[in-house]
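*Asks:* Sharing a sequence plus its predicted fold:
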Amino acid sequence: MEAFDILLQSSFWAAAIRIATPFIFGVLGALICERAGVLNLGIEGIFVAGAVSGWLAVYLGVDLWTGVLAAAAVGACLGLLHGCFTVLLGLSQHVTGIGITLFATSAAYFGYRVAFPTVTSPPRIEAFKPLNLTFLEVAPIIGPALGQQTALTWLAFACVILTSFVLYRTPLGLAIRAVGDNPASVDAQGLSVAALRMGALAVGSALMAVGGAFLTMSAFNAFFFGMINGRGWVCIALTVFASWRPGKALLGALLFGAFDAYQVRLQTLAGGVVPSQIFLMMPFILSIIALILVARKADYPRALMKPFIKGER
Amino acid sequence: MNATGSAVPPSPVLKLQGISKSFGALIANDAIDLELGAGEIVALLGENGAGKTTLMNILFGHYVADSGQVLLADGVGGWRELPRGSPQAGLAAGIGMVHQHFTLAENLTGLENIILGVEPWYSLRSNRGKAEARLAALMQRTGLAASLDIPVERLGVGERQRIEILKALYRDARILVLDEPTAVLTPQEAEGLFAAIRQLAAGGLGVLFISHKLSEVLALSDRLVVLRGGRKVADRPTAGADRLMIANLMVGRDVAPERPDKANPGEAVLELADVRAGAGRNAVADLSLTVRSGEIVGIAGVSGNGQQTLAAMVAGLEQPASGSFRLLGTSGDASPSALVARGVGRLAEDRHRDGMVGDMSMTENLVIERRHDQHFSRFGFQRRQAMRQATETAIADFDIRAPGPEAPLRLLSGGNIQKLLLARALTGEARLILANQPTRGLDVGATSEVHARLRRAAASGAGVLLISEDLDELFALSHRIAVMHAGHLTPAVDSAGLGISVVGLAMAGQAGPEFSGCSEPMREAAA
């Protein structure tokens, strides 16, 4: 059974993990923002901005890790901009988020065009290389798949552990979880709701931007228009799927990556009999189904999308 | 319980001096002085809008006073001023506040809520073991028991409140402010809370207790301070005070003790015979009840004994499964809109959830049930002028304090909201009025106005079905009282011949011989 054999190829799992990486960053970012009570629909635009800025920074001569930091900084700034409207002024998180997406996408495209007014194909950079961790190959299938990943994927894994630790083991994480459930609880204990939410937005958006940067600095080595292609929106759905937990976020991202890698391989198998669009749809349809199954019982952060104005009930 | 028993005045721990605060033209606090001693329980009373909340927000640092200062004893005989507008400073100085609306994150455990914000945010781990040990000792010492290791969302209100208090004590509070602490508690839970408060006060904690339930204030406090219109109008020991006197101080005019007017019953407006409806905890069976025009029939009972289903049927939200249910002489279409059109006025138990649309204007809320009336719409268009006029009339008639007819209803105080809803229920030709917990959460002044309105409605020929947990209210208004327990209803008997304790026993499921016999109006006793 060829369709099943695919699952035993380490090249398939390598692709699945590679595809999953930007989603890991994105879902973690969205999760941090939402745990603090702010829906960040700017994610799609922040992905684009991160993809352009990281890649452009490297093109302009900085090293790769500085490029990642540049992307994170751009993301953090966009997150703080979102926060200025939603946290400090208490405006609609939906509308602001969509606005941030439109703005960040257009600004990134504009920046790209200013930097390269005439080129038809974007210049390439020296991207992150697979680490070739041969010692992992003792594990069958999955070992070589992991060994072929770049440093950014490992950074994503590290971020899962780090986010989980901060959220569940530190006083800061306690405050973040509290502020997304009942900001009055945090306020009554003398902590600043605004500072916590702004901080969460900055860090969360920085992670989203790094997710975008992964695409131009690791998965590919250049920026193309339309390359983000809805990945940000998928992250928003995966966040619900993950019930706002970092561990499940990793699982959800890997699942989505696996679906996507699988459908590409099925396309070649089914060679022209079934229209390729059907396969392209598959990960999305499966994630909708998964979401329906999970989201019915979803335990949303209670204060999600509710602005907190001090002294008002 | 009252007073500490000794003649020595308690050593003061907190002084508010000349606190004034105004919002625009409104003077919320006008040169208020207040003192609180260690181990003393002071009740702060006042109607909604009297300035209690503003004063507490100033104390707690949420507002900055225009003038005046908050002084705290420094423990060595001196005083120091609390920095203004800083909740952190208040917490650090030992002021703990238990808000009426709990400030707990429900996804966190009790322990997590308590240690929230105590440890520095940048520390890499939180020391739960130490916190647990300290809390265990604290619970032992104060008698406040609560589960600390399950999410707060799974706890009842009583336990949540104990966690709120523990939260304040964990931060070494020397002063505990409780804002309407019994609003959400059952009588048993309230008793438990009072016992705990007394024990805490005995241990030297200064307690400031905000309430407008007079019986509680009398039972618990050593001293009482009454605010009215932003001013302090009384500051006296509780010993020697009585309910009527406090009520008069709060309202600023004489509040007569209430008695029902003479009933003048006419034809039946609501007839239930052997009705069965609802499911589970809300199921009712063998429900028989008659409400006549011109009388007020009170349904007593601890909430959750089937009153919800009875109210839902009369409001048109639920249909009886069996039995005969006749409303205003017919058993026809009992949808809410049909009932309203036939003349049923409704006051919902949870007015914020079921009785109003907070973001819509007063005008819209007032006419929403009659939006298709010729008077308010023509050819599918609203007649704003007529709607506005109706609201202005209601505002004047019912003495509603509001910024204006177009103000969103949620901006009004609870009493004023209820007055508007009452205006909605009573306008038109209301022949049956369902008043479900009509004064829950209202202050003395608003309560007496609501009562007067219901009486007047009955006097002018409407039948009133009053569902209430408040026995004082039931006896003040009802001509006849029936008791609901576990989905069953006793016959409605004349309230004049009924003692409060008899009704209390029936509420606990032990209906005495007073409630036996026929379910028809009991005029014999009065005759």
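*Replies:* Structure's in. What do you need? Numbering: from 1, shown residues only, chains lettered A, B, ... in the order given.

*Asks:* burial measure for the residue lying closest to B:Arg424 once chain neighbours are set aside, as a count.
*Replies:* Excluding the flanking residues, the one nearest B:Arg424 by CB to CB, 6 or more residues apart in numbering or on different chains is B:Leu366, at 5.3 Å. For the C-beta atoms, the positions are set from N, CA and C on the backbone; glycine is no exception. Close neighbours of B:Leu366, defined as other CB atoms under 10 Å in any protein chain shown, add up to 26.

*Asks:* Pull the helix or strand containing B:Leu366 out as CSV, backbone CA atoms only.
*Replies:* In the assignment (DSSP states H and E), B:Leu366 maps to helix B:362-367. Taking C-alpha atoms only, helix B:362-367 is exported to CSV below (Å, rounded to 0.1, in the frame of the first residue of the first chain):
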residue,chain,number,x,y,z
MET,B,362,-33.6,53.5,27.9
THR,B,363,-36.2,54.4,25.2
GLU,B,364,-35.6,51.2,23.2
ASN,B,365,-35.7,49.1,26.3
LEU,B,366,-38.9,50.7,27.4
VAL,B,367,-40.8,50.1,24.2
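
*Asks:* Show me what that helix is packed up against.
*Replies:* Using 3 or more CB pairs under 8 Å, 6 or more residues apart in numbering or on different chains; DSSP states H and E, the elements in contact with helix B:362-367 are helix B:384-397, helix B:414-426.

*Asks:* ok, and what's touching that helix?
*Replies:* Helix B:362-367 is contacted from outside by B:356-357, B:373, B:376, B:384, B:387-388, B:390-391, B:394-395, B:400, B:402, B:404-409, B:412, B:420-421, B:423-424, B:427, using CB atoms under 8 Å, 6 or more residues apart in numbering or on different chains.

*Asks:* so where's the chain shaky on pLDDT?
*Replies:* You didn't say which chain, so I picked chain A. Applying pLDDT under 70 to chain A flags residues A:1, A:271, A:311-313.

*Asks:* wrong chain, I was asking about chain B
*Replies:* Applying pLDDT under 70 to chain B flags residues B:1-9, B:255-257, B:517-527.

*Asks:* name the element the spatially most central residue of it belongs to?
*Replies:* Residue closest to the average C-alpha location in chain B (CA atoms, centre = their mean): B:Gly441, at 2.1 Å. Taking DSSP H and E as the definition, one finds B:Gly441 inside no helix or strand.

*Asks:* ok, it to chain A distance?
*Replies:* According to CB to the nearest CB, to the nearest Å, B:Gly441 stands 13 Å off from chain A.

*Asks:* Quick check: closest non-adjacent residue to that residue.
*Replies:* Of all residues not flanking B:Gly441 in the chain, B:Gly414 sits nearest, at 5.1 Å (CB to CB, 6+ apart).

*Asks:* how about the one you found, what does it touch?
*Replies:* For B:Gly414, the contact set (CB under 8 Å, 6+ apart) comprises B:Asn48, B:Gly441, B:Leu442, B:Ala446.

*Asks:* repeat for B:Ser337
*Replies:* Applying CB under 8 Å, 6+ apart, the residues contacting B:Ser337 are B:Gly316, B:Glu369.

*Asks:* Quick check: it is in a strand.
*Replies:* No: assigned with DSSP: H, G, I helix; E, B strand; the rest coil, B:Ser337 falls outside any strand and is helix.

*Asks:* So which bits of chain A are right by chain B?
*Replies:* Residues of chain A found near chain B (CB under 8 Å from any CB of the partner chain) are A:169-172, A:174-175, A:177-179, A:181-182, A:184-191, A:299, A:301-302, A:310-311, A:313.

*Asks:* Could you rerun that using 7 Å?
*Replies:* When proximity is defined as CB under 7 Å from any CB of the partner chain, chain A approaches chain B at A:169-172, A:174-175, A:177-178, A:181-182, A:184-186, A:188-191, A:302, A:310-311, A:313.

*Asks:* What's the nearest residue in chain B when you look at chain A?
*Replies:* Minimum separation of chain B from chain A (CB to the nearest CB) falls at B:Gly117, amounting to 3.3 Å.
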